[in-house]
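A.B. asks: predicted model and sequence follow; I will ask about them next.
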Amino acid sequence: MVSKFNKKQKSSFSAEDLFLKIAGVLLLITAIVLIFANFQMFKKKRELAWQINNYDNQIQELKNRNETLKEEIANSDNPDYVEKIAREESDMQKPGEKVVSFVEQNSEQKEQPAKENVWNSNFWFGWIGQSWNWIKSIF
């Protein structure tokens with residue numbers, strides 16, 4: 001009996017397999033490029049939508065300011081309105097009247113952060129902990 005083991009086995013490397021592998025790699029690269037481009041477009045769209053929303057808010061504020069200015073122009077001949085504006089904006093008063101003004105602190109003065117107390121143990125433990133983390137990150 002003649003065995004078939006002596007026959008040459010089919011080569012595992014053929015042109016068809018090579019073509020399929022190259023096509024698969026090209027398809028994968030194309031998919032990755034398209035996904036990346038889609039992500040970039042999504043980010044740009046989100047940024048542009050934010051800008052549009054910001055511009056819409058600015059337009060609305062300007063329209064409101066425009067309406068206020070139109071009302072002020074229309075009331076410029078009204079003596080009661082002129083008196084009201086003179087009292088509110090210029091702190092003017094009639095003879096014999098006393099005006100009381102309240103002065104508020106600037107927001108910069110209110111929001112000054114408190115200085116760190118150098119003798120506070122929490123300050124030193126925090127500093128040592130941050131230093132230790134910095135040293136660990138180097139190694």
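C.D. replies: Sure, I can see it.

A.B. asks: which SS class is Val100?
C.D. replies: Following DSSP: H, G, I helix; E, B strand; the rest coil, the label given to Val100 is coil.

A.B. asks: actually Gly96, not the one I wrote
C.D. replies: Secondary structure, three-state DSSP: Gly96 is coil.

A.B. asks: for it, grab the count of nearby residues.
C.D. replies: Per other CB atoms under 10 Å, the neighbour tally for Gly96 reads 5. Where you see a C-beta, it was placed from the backbone N, CA and C, and this is true even at glycine.

A.B. asks: Glu104 versus that one, what's the distance?
C.D. replies: According to CB to CB, to the nearest Å, Gly96 and Glu104 sit 28 Å apart.

A.B. asks: same question, Ile85
C.D. replies: On the measure of CB to CB, Ile85 and Glu104 end up 21 Å apart.

A.B. asks: quick one: which of those two has more around it?
C.D. replies: Ile85 (14 against 7).

A.B. asks: which SSE is the spatially closest residue to that one that is not a sequence neighbour in?
C.D. replies: Spatial nearest neighbour of Ile85, chain neighbours left out: Glu72 (8.0 Å); criterion: CB to CB, 6 or more residues apart in numbering. Using DSSP states H and E, Glu72 maps to helix 15-74.

A.B. asks: any weak-confidence spans in the protein?
C.D. replies: Scanning the chain for pLDDT under 70 picks out the ranges 1-13, 99, 101, 107-121, 123-124.
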